[in-house]
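> Structure, please.
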Amino acid sequence: MSQFLAPGVPEVPGVRLTGLIGRGGHAIVYSGEQLSLRRPVAVKVDSRPIHDERNRRRFQREMDAASRISVHPNVVSLIDTGVLADDRPYLVMELCDGGSLGDLPEPLPALAATRLVLAVARALGAAHAAGVLHRDIKPGNILLDSYGMPRLSDFGIAAIQRDDSEATATLESLTPAYAPPEAFHHTEPTAAGDVWSLAAVLVRLITGRGPRTHADGRSLNMTEIIESLPRPLDLSDPRIAPSLRPVLARALDPDPRRRYRGGDEFASALSALLPEGTQAEVTVSRPITYEHPPTWQVPSPLPLRPQPETEPGGRSPWLAVGVAAALAVVVAMVWGTIHLVGGGPEEVPVAAQSPSARPLSPPTPTTGQTSPGPTISNGQAPSPASTASPTAVSSPVPFPVNAEGLPETPDMPWPLGTCLLAALDAQEVSTATQVPCDQANWHIFAGGSIDPSIRAASASEAFGLDPNVPRICSDEYARLAGLDVSRPHDVRALGPTRDEWDAGHRGFSCAFVEQ
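Residues are numbered from 1 along each chain as shown. All right, here's what the predicted structure looks like:
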C-alpha cells in the first residue's frame, strides 16, 4: 500500500486498495482486494461528506437502489457500504475488469449491439419493477465483468419511487448526451426516461456517434441540445437496420408518454426483433483493453424483415438465422480478430509509438453479407487465399509505390518491411515488438493514408468508409511483397488510436500475420 501514502487516499475497512480506476463528477473509484475473501473489488468513495440531511438522503437512496437489484445477473453486485472517518460514504462492489460498452468497438453490427442492450434492458426492467430509476444510463455505466457479462452500474443519482420522498436530481448530475429531453426541464423522472437513455446507447453502439452530435462527430453544446429537445432524433443512418428504426423511434420519442413505459417493455420490443436462437445470455469472450480500445468497420446495412403495423409494443420478429452465425458475431465483436483476406473494409488502429514495444488494438474481423435476402446476417467467412502469383495488382491505389509496386506513405505507423512479434502481457494487453524477421509473426508489407476528405469521428469509422484500406491490406499486395498467401494467415490494418486520430494522424500499415 505504499503507493497510497499520499494525502486524501482513504482507508476502507476490510479492503486493501491497489489502484485508481477513475474519477467521476463526485466520486473516485479505486481497485482493491477484500481481505476476508481475497477477491478483487471496486471501491467507490463519494467526494461529498454526509454531514447534512440532504446528502444522507442521497447516500441512502444509492444504497437502496443498489441493494434492491444487485442480485440481478446484469447489475453490478454491491458487497458492502459504509462511511469513512471523514464522513465520506463509500461502496464496495464487485470488480468488473472488462471495461465498459464505451470501450467496445464502434460501430458494432446491429445484431451484436442489440443483444448487448437487450441484456441491460432486462436489468433495467428489474430495477423499474423494484421502484428504482437509474437516471444516468450511458455507455460508460454499462460494464463488462471478467466473464464478459454486461453489468448495469452506478446508481449514484438513482431515484427511489416513494410517496414520502421527492424524485428529483440536479441537472449537473446528469450526462447531457444521454439524458432524456424531460430531464432538462426538471420534470419528475419516470422509467420512460431510462428507456430513452438506453435507446440512445444503442444508437451510439450501432452508428459510432452519440445521439446528440453533429455530422462530423462533435457534441452539441448545451444551447443546441435545448433547441433540439422537441425534435425526434434522426435515425436515417444506414447502419441502423430498417426494422429497428420503429423501435428506436418509439423509445426515443421526445414525449415520454409515447415511449415504452419501462425496461421490460423495451426489452420485449428488442427481443421480438432478434432471430430465433440468439436470445440466450449474452457474454463477450474477454475483457476489453483500456489502453487501445479496438475499432470496428462500418458494417453494411442489415436487411431485416419490415415490421407489420401493430399497436405500440407489438412484436414482429426478425427472420431467424443459425445460432452459430449469431454467436460468431458476438465472439468476433469482442475478440476483434480482423480478417481482411479478400473481404470488405476492415481496420485495427494501433498506437504509433517507438519501434521497440507498444500496445496494439485487438484486431477486428472482416464482415460481409453472406447472402442476400431478408435476414439479419452478420456471419462472416474470409475469402480463400489465392495461390496465383501476379506481377501487378488488379486495382491500383492513389498512393506512392516503391520499386516492387507496394504502396507506402511517410505517415505509416510501422514502415514497410518492419517485422514484429505480437504477444499478450499479464494484463492481456496486446503488444508488438520489432524483431528480426526470422523471429516475427507479423510482417508489414504495405500501407497508406486515410482519404483526408472523409469526415469521421474516429479511425474506426474512417477505415470503414475508405475503400483503399481493404484494397491495400489484401492478399493481392501481400503476394506482390513475396509473402506466401497459401499458408494460414490473417491480414490486419494497423492505424491510429482515437487520441492519435483526434491529433490528426491518418496513416495505416498492413500486416501479414502468420497463424
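> pLDDT below threshold where in the stretch 251-400 of the chain?
276-396 (pLDDT under 70).
> try it again with 50
Within the stretch 251-400 of the chain, the stretches with pLDDT under 50 are 277-278, 280-281, 283-391.
> same check, this time on the stretch 101-250 of the chain
For the stretch 101-250 of the chain, the stretches with pLDDT under 50 are 160, 162-172.
> where exactly do the helices run in it?
All helices of the stretch 101-250 of the chain, identified by DSSP state H, counting those that start in this stretch, fall at 110-129, 191-207, 222-228, 245-251.
> count of residues packed around residue 438?
The tally of other residues near residue 438 (other Cβ atoms under 10 Å) stands at 6. Every residue, glycine included, has its C-beta placed from N, CA and C.
> quick check, residue 448 in a strand?
Yes - assessed by DSSP: H, G, I helix; E, B strand; the rest coil, residue 448 belongs to a strand.
> Kindly state the beta-bridge partners for it.
With beta bridges defined as DSSP bridges, residue 448 has these partners: residue 508.
> still on that earlier bit, export the helices of the stretch 101-250 of the chain to CSV and tack on mean neighbour count and distance to residue 59?
Below are the helices of the stretch 101-250 of the chain laid out as CSV (neighbours: other Cβ atoms under 10 Å; distance: least, Cβ to Cβ, whole Å):
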stretch, mean neighbour count, distance to residue 59
helix 110-129, 25, 18
helix 191-207, 26, 21
helix 222-228, 13, 28
helix 245-251, 20, 31
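> okay, now the residue nearest to residue 155 when sequence neighbours are not counted: neighbour count?
Nearest residue to residue 155, sequence neighbours excluded (Cβ to Cβ, 6 or more residues apart in numbering): residue 65, at 3.9 Å. As a burial measure, residue 65 scores 26 neighbours (other Cβ under 10 Å).
> Helix, strand, or coil at residue 65?
Strictly by three-state DSSP, residue 65 counts as helix.
> Roughly how far does it sit from residue 253?
Going from residue 65 to residue 253 by Cβ to Cβ, to the nearest Å gives 26 Å.
> do the same with residue 264
Taken as Cβ to Cβ, the span from residue 264 to residue 253 is 18 Å.
> Likewise for residue 440?
Applying Cβ to Cβ to residue 440 and residue 253 gives a distance of 55 Å.
> coming back round to it: who has more neighbours, residue 264 and residue 253?
The neighbour comparison of residue 264 against residue 253 (other Cβ under 10 Å) goes to residue 253, with 21 against 18.
> Report the contact partners of that one.
Neighbouring residues of residue 253 by Cβ atoms under 8 Å, 6 or more residues apart in numbering: 196, 232, 259.
> before we move on, which element is residue 444 in?
Under the criterion of DSSP states H and E, residue 444 resides in strand 442-449.
> mean confidence for the following helix or strand past that strand?
Downstream of strand 442-449, the first helix or strand assigned by DSSP H and E is helix 459-465. Per-residue pLDDT over helix 459-465 has a mean of 76.
> Test my guess that residue 270 contacts residue 113.
No - Residue 270 lies out of contact with residue 113 (Cβ atoms under 8 Å); the separation is 10.2 Å.
> List the residues that contact residue 69.
75, 123, 126-127, 130, 132.
> Next up, phi/psi of it, please.
phi -130, psi 10 (degrees, to the nearest 10).
> and the gap between it and residue 269?
Residue 69 is 21 Å from residue 269, by Cβ to Cβ.
> Can you verify residue 93 is assigned to a strand?
Yes - under three-state DSSP, residue 93 falls within a strand.
> residues near it, how many?
Residue 93: 22 surrounding residues under other Cβ under 10 Å.
> ok, now which ones touch it?
Residues near residue 93 by Cβ under 8 Å, 6+ apart: 41-44, 66, 76-79, 153.
> Would you confirm that residue 183 contacts residue 192?
No - here residue 183 does not reach residue 192: they are 11.2 Å apart, not a contact under Cβ under 8 Å.
> residues in contact with residue 415?
Residues near residue 415 by Cβ under 8 Å, 6+ apart: 408, 444, 447, 509.
> between these, which is nearest residue 176?
The nearest member of these to residue 176, counting by Cβ to Cβ, is residue 509 at 37.6 Å.
> Tell me how many other residues surround that closest one.
Using other Cβ under 10 Å, residue 509 is surrounded by 28 other residues.
> Equivalent analysis for residue 47, please.
So residue 47, with other Cβ under 10 Å, has 13 neighbours.
> Does residue 78 have any beta-bridge partners, and if so which?
Taking DSSP bridges as the rule, residue 78 bridges to residue 93.
> Oh, that last question was meant for residue 43, not what I typed.
Following DSSP bridges, residue 43 is listed with bridge partners residue 30, residue 92.
> where's it relative to residue 212, distance?
From residue 43 over to residue 212 (counting by Cβ to Cβ), the distance is 32 Å.
> So for the two, which sits in the more crowded spot?
residue 43 (23 against 18).
> got the domain boundaries for the protein?
By the assignment in automatic domain parsing, the chain contains the domains 2-94, 101-324, 342-514.
> How many residues are close by residue 273?
For residue 273, using other Cβ under 10 Å, the count is 23.
> I'd like the numbering to begin with 4 instead of 1 from here.
OK, 4 is where the count begins now, so the last one is residue 276.
> Next up, phi/psi of it, please.
Dihedral angles of residue 276 (phi, psi; degrees, to the nearest 10) stand at phi -90, psi -20.
> surely it meets residue 250?
Yes - using Cβ under 8 Å, residue 276 is in contact with residue 250, at 6.5 Å.
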